[in-house]
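Asker: I'd like to go over a predicted model; first the sequence, then the structure.
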Amino acid sequence: MNFTFEQYEESAQAIRARLNGFTPKVAMVLGSGLGYLGDEVENAAAIGYRDIPHFKASTAPGHKGRLVFGTLEGQPAAVMQGRMHHYEGYSYEEVSYAVRVLRLLGCETLIVTNAAGCVRTDWKAGDLMLICDQIKMFSESPLRGGNLPQFGVRFPDASRLYTPRLRELARACAKELGIPLREGVYFYCYGPQYETPAEIRAVRALGGDAVGMSTAPEVIAAAHCGMEVLGFTLLSNMAAGILDQPLSEQEVLDAGEAAKGRFSALVRACLRKL
């Protein structure tokens, strides 16, 4: 289906009615095992996705499925504790729907996070990666269908989806904190099955450094409607075929818990300097 601009506005208005004039400037999407940052928002007001017109439920493990509005490191923020995925049965427009609503609410910057498999054999699970680019060429675009000019042009440029100045800011923050920060390309696969070892070899050959089942659709939608984007990946496990062991969702959640301190410190530092 194609949503109308009026439907996006209806969602935004329903949220505005509960925010008492609060206007978020930074939107954050927190992925698997990383949603705890939403619990650190000050003067928080939480709204469940099910209570917002046209929003879909988030069913993935570790995703609370709610929006938290408030202040984080002095920034008026809207934090998505959990996201929607194509593998849950949603279209790409439904997956990225919330991003456009947050733009209507006033958000100018999007910070995306995810947990993903590490494709590079010279890196290790537990590392943090700054996303410099993404590959999503084998599935539909969230912009498919009739264009809504209120958000952006029909054929948007995608050469700088991840804003260069924000990437530089992240590098500087990581250096100040003494947090090692990889930098690489996020390769999107829509799941829900983990990739095969042969697919991981193909991802590596095509230039992917991390592989996951989220993020890319939201980033396309955000860039289309003029938002600056900063992205981080927690390399939660080695991708299929690198180690002689099966992959599991518990491994992803455990990695998120182990990286909590570093991840939170880095994102908070970036927020302070926006």
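Answerer: Nice, thanks for sending it over.

Asker: switch to C-alpha atoms for all contacts and neighbour counts from now on
Answerer: Fine.

Asker: burial measure for the residue nearest to residue 85 when sequence neighbours are not counted, as a count.
Answerer: Nearest residue to residue 85 in three dimensions, chain neighbours excluded: residue 95, at 5.7 Å (CA to CA, 6 or more residues apart in numbering). A count of neighbours around residue 95, defined by other CA atoms under 10 Å, yields 25.

Asker: what residues are up against residue 95?
Answerer: Taking CA atoms under 8 Å, 6 or more residues apart in numbering, we find residue 95 in contact with 83, 84, 85, 86, 142, 217, 218.

Asker: quick check: phi and psi at the second one.
Answerer: The reference is to residue 84. Here is the backbone geometry of residue 84 (degrees, to the nearest 10): phi -100, psi 150.

Asker: quick one, what contacts it?
Answerer: Counting by CA under 8 Å, 6+ apart, residue 84 has contacts 56, 57, 58, 59, 90, 94, 95, 96.

Asker: let's go with 10 Å and repeat that
Answerer: Residues in contact with residue 84 (CA atoms under 10 Å, 6 or more residues apart in numbering) are 31, 55-60, 63, 65, 90-92, 94-98, 214-215, 218.

Asker: same question, the fourth one
Answerer: Taking CA under 10 Å, 6+ apart as the contact definition, residue 86 lies against 92, 93, 94, 95, 96, 189, 190, 191, 192, 213, 214, 217.

Asker: which among those residues count as buried?
Answerer: Listed as buried from the contacts of residue 86 are 92, 93, 94, 95, 96, 189, 190, 213, 214, 217; burial here means 16 or more other CA atoms under 10 Å.

Asker: which SS state does the second one fall under?
Answerer: Per DSSP: H, G, I helix; E, B strand; the rest coil, the local secondary structure of residue 93 is helix.

Asker: pretty sure it sits against residue 147.
Answerer: No. Taking CA atoms under 10 Å as the definition, residue 93 is not a contact partner of residue 147, at 11.6 Å.

Asker: so what sits against both of these two?
Answerer: With CA under 10 Å, 6+ apart as the test, residue 93 and residue 147 both reach residue 2.

Asker: give the other helices and strands that the worst-scoring helix or strand of the chain on mean pLDDT contacts.
Answerer: Within the chain, no helix or strand scores below helix 249-258, which has a mean of 78 by mean pLDDT, DSSP states H and E. Helix 249-258 sits against strand 109-118, strand 228-238, with contacts defined as 3 or more CA pairs under 10 Å, 6 or more residues apart in numbering; DSSP states H and E.

Asker: out of those, flag the one nearest residue 3.
Answerer: Counting by CA to CA, residue 3 lies closest to strand 109-118 out of the helices and strands packed on helix 249-258; the figure is 21.2 Å.

Asker: roughly how far out does the following helix or strand past that closest one sit from the chain middle?
Answerer: Under the assignment DSSP states H and E, the closest C-terminal helix or strand after strand 109-118 is strand 128-135. Relative to its parent chain, strand 128-135 has a centroid offset of 11 Å by CA atoms, centre = their mean, to the nearest Å.
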